[in-house]
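J.: fold the stuff below for me.
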Amino acid sequence: MENNKPYTTLFNAITDALGALDKLNLGDVRKILVDAQQRTEEMFLEEGK
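T.: Okay, here's the model as predicted:
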């Protein structure tokens with residue numbers, strides 16, 4: 001796994017979440033952050049195999 005992939009995934013998700021927050025789309029903010037959390041967790045689990 002590329003070492004920067006989890007960082008890039010989270011950075012991009014946070015950027016998207018901040019954009020949604022600016023528009024007060026709180027449901028989108030939550031979805032974006034939960035999705036990023038799950039994707040990066042999967043990356044770390046796969047790396048450990």
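J.: any residues touching the helix or strand encompassing R39, and which ones?
T.: Following DSSP states H and E, the helix or strand that holds R39 is helix 26-47. Outside of helix 26-47, the residues within contact range by C-beta atoms under 8 Å, 6 or more residues apart in numbering are M1, K5, P6, T9, L10, N12, A13, I14, D16, A17, A20, L21. The way it works is simple: take the backbone N, C-alpha and C, and place the C-beta from them, glycine included.
J.: centroid residue for the protein?
T.: Computing the C-alpha centroid of the chain and ranking residues by C-alpha atoms, centre = their mean puts A36 first, at 2.3 Å.
J.: ok, and the closest non-adjacent residue to that one?
T.: When the adjacent residues along the chain are set aside, A36 lies closest to A13, with 3.3 Å between them (C-beta to C-beta, 6 or more residues apart in numbering).
J.: distance from the host helix or strand of the one you found to the middle of the chain?
T.: For A13, the element it lies in under DSSP H and E is helix 5-22. Here the centre of mass of C-alpha atoms in helix 5-22, compared against the chain's by C-alpha atoms, centre = their mean, to the nearest Å, lies 6 Å away.
J.: about what we covered before: the residue nearest to the centre of the chain and L18: what is the separation?
T.: According to C-beta to C-beta, to the nearest Å, A36 and L18 sit 12 Å apart.
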